[in-house]
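# With the sequence up front, the predicted model follows.
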Amino acid sequence: MLKHSVFLCAMKKEVVIKVPPSRINDAEWIRAQILIKLNRKLSDDIQYVLVKKSIDARKKVFFILRVDVYIGEDVPQEDKYMDQLPDQVKDRPRILIVGAGPAGYFAALKLIELGLCPIVLDRGKDVRTRRRDLRAIQQFGEVNPHSNYCFGEGGAGTYSDGKLYTRSYKRGKISEVLKILVEHGAKSDILVDAHPHIGSNKLPGIVAAIRESIINHGGEVHFETFITDFLIQEGKIIGVLTETGEEITGKAVILATGHSARDIYKLLYEKGIKQEKKPFALGVRIEHPQPLIDEIQYGMKPRHPNLPASSYRLACQVAGKGVFSFCMCPGGLIVPAATAPGELVVNGMSLSRRDSPYANSGFVTAIDIDEMELKGYDGLFGHLEFQQEVEQRFFNHGDGSQKAPAQRVTDFVNKKGNGTVNECSYIPGVYPAPVHELLPDFVYKRLREAILAFDKTMKGYYTEEAQVVGVESRTSSPIRIPRNTETLMHEDCEGLFPCGEGAGYAGGILSAAMDGQNVAKAVARYLE
């Protein structure tokens, strides 16, 4: 017999409650609030599942919890994604995947699900060995062009934060990607957090676990395998040639090389495979003390210990061009992201606890095709050349190391080039420099105006406690490798499937992973 008459009818209800930071870890208090919201007795027996957790800091700071409440029935159990995959695919048709980032690895898992055998080829090293090359960049200024913050197992996202939010909801099932990550070691918090994040100290283990799943199901993963040519016969790709002279063949090729694989764009051009310029963005990293951002966003000093390091998202229009924050890293670090000697590029990352005393964000302006052509960068690779010129200018201003030019935000706005700089999270170190002069003038002018505009939205953003560090130039690929909107295959080359950020179809871990899944399904349709 049921305990109470309210359970005579089993049902599921959705409830939204506000929880103050002091109560967020009090399960009994939260349960009581749910029952009050449902107008039920505190003694009633219910089960609930947290569906979404976010923060509302518009007046007072609250956590907003959306929960599914099960009354008179058990919480349904979902099958694990990995348990539904076929045991072995090693004897199935081989599909080559160039690139072991999120697009490549999630394409591989989807191919296995569809009964195809993925062969993943990556120019870089496995995720743990790759750390030595990151140390070489940070401490000695040595850039390995095949293994760095952009290249290697897991792609650029592995060691640059691991943020898992996206606006690309139409690309596919975000929940499926998140569940796969949880099944490979991520905390289940990412399934409910409004802005899920794993952290660069946790992602390597998760990436390695995904690799093991691919191998255990019959797929292959090969590191330090640099592609130097595509094998094309009568308009159809049949495989690739590696730097060692090895030919590797397959029924199709998924090209998921990331936004910094400039040599791949040059190789495609040599093979007569169509590419096109696309808009991109360029600017600097801007770093504030994290307690300052917390005070601005939460209205409290210090922030409550149950609250995470606060973040922000800012955007405005200057002279008809977008200026915006990008890849905001609360409690994070600025890291060197160059992919070749003689250039200087910065990016941001956070560890899982986000406990650095600094908050940094990309601070960039959109640059469109017409603007570049007016400035003389009108060839196919004009955008790449512009990127490289700015990166080399920032590098050449220094001492030949990966130390980065920096400037207090107040000096940046007022064009004061000889001031001092603040302490900074950037491991190779920073030095005072006229960043306003190193940037192209049209980029500087838009950033300057945006700082003053952002300070109106976020009072305290413009402060001498903040500084800019340059240059942030790898927000996205400046080249798109076009593909048919239905087949997702390149129209110039049968069997070639451009994929992810490097092809111009994604902008982050989640969107790249979903694009990889979609391309894998397109490959399966092609083979049918």
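On my side now, so go ahead.
# domains of this protein?
What automatic domain parsing lists as the domains of the chain is 5-71, 86-276+483-527, 279-472.
# Compare those domains and give me the one nearest residue 78.
Set against residue 78 and scored by Cβ to Cβ, these come closest in domain 86-276+483-527, at 7.9 Å. The way it works is simple: take the backbone N, C-alpha and C, and place the C-beta from them, glycine included.
# Give me the mean pLDDT for the closest one.
For domain 86-276+483-527, mean pLDDT is 95.
# ditto for stretch 67-76
For stretch 67-76, mean pLDDT is 92.
# Which stretches in this protein count as helices?
Here the chain has its helices, by DSSP state H, at 27-37, 102-113, 130-140, 174-183, 203-216, 262-270, 290-298, 369-374, 382-396, 409-414, 435-438, 441-457, 509-527.
# Residues contacting the third one, please?
Applying Cβ atoms under 8 Å, 6 or more residues apart in numbering, the set of residues contacting helix 130-140 from outside is 124-125, 142-144, 147-149, 152-153, 159, 204, 335-336, 338, 402, 427-428.
# can you do 6 Å?
Contacts with helix 130-140, where a contact means Cβ atoms under 6 Å, 6 or more residues apart in numbering, come from 142-144, 147, 152, 336, 427-428.
# next one: the second one
With contact meaning Cβ under 6 Å, 6+ apart, helix 102-113 is reached by 85, 89, 95, 97, 118, 120, 155, 210, 214, 217, 219, 254, 256, 499-500, 509, 512-513, 515-517, 519-520.
# Check the first one too.
For helix 27-37, the external contacting residues (Cβ under 6 Å, 6+ apart) are 15, 17, 23, 42, 48.
# Could I get those residues in TSV, plus columns for distance to residue 173?
Shown next, in TSV, are these (distance: Cβ to Cβ, whole Å):
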residue	distance to residue 173
15	24
17	27
23	32
42	37
48	23
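# Just the buried ones from these?
Neighbour-count burial within these applies to 15, 23, 48; the criterion is 16 or more other Cβ atoms under 10 Å.
# I'd like to know how many residues surround the residue lying closest to the second one once chain neighbours are set aside.
This points to residue 23. Take residue 23 and drop its neighbours on the chain: the residue closest to it by Cβ to Cβ, 6 or more residues apart in numbering is residue 29, 5.0 Å away. Counted with other Cβ atoms under 10 Å, residues neighbouring residue 29 total 14.
# I'd say residue 421 and residue 406 touch.
Yes: counting by Cβ atoms under 6 Å, residue 406 is a contact partner of residue 421 at 4.6 Å.
# Now the common contact residues for the two.
Residues touching both residue 421 and residue 406 (Cβ under 6 Å, 6+ apart) are 430, 467.
# neighbour count winner among these two?
Shown here are residue 421 and residue 406; by other Cβ under 10 Å, residue 406 has more neighbours (27 against 17).
# The more buried one reaches residue 430, doesn't it?
Yes: counting by Cβ under 6 Å, residue 406 does reach residue 430; the two are 3.7 Å apart.
# Identify the contacts common to the two.
Residues touching both residue 406 and residue 430 (Cβ under 6 Å, 6+ apart) are 421, 469.
# one step back: for the domains of the chain, please prepare TSV with the additional fields distance to residue 79.
Shown next, in TSV, are those (distance: least, Cβ to Cβ, whole Å):
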stretch	distance to residue 79
domain 5-71	16
domain 86-276+483-527	10
domain 279-472	28
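# Which member of the contacts of helix 27-37 is positioned nearest residue 366?
residue 17 (39.3 Å).
# measure the closest residue in space to the closest one that isn't next to it in sequence to residue 19 for me?
Spatial nearest neighbour of residue 17, chain neighbours left out: residue 33 (4.9 Å); criterion: Cβ to Cβ, 6+ apart. Noted for residue 33: a distance of 7 Å to residue 19, by Cβ to Cβ, to the nearest Å.
# what's the answer for residue 140, then?
Residue 140 sits 48 Å away from residue 19, going by Cβ to Cβ.
# Between those two, which is the more surrounded one?
Neighbours were counted for residue 140 and for residue 19 using other Cβ under 10 Å; residue 19 has more, 18 against 11.
# which ones are touching that one?
Residue 19 makes contact with 63, 65 under the criterion Cβ under 6 Å, 6+ apart.
# State the distance from it to residue 265.
When residue 19 is compared with residue 265 (using Cβ to Cβ), they lie 49 Å apart.
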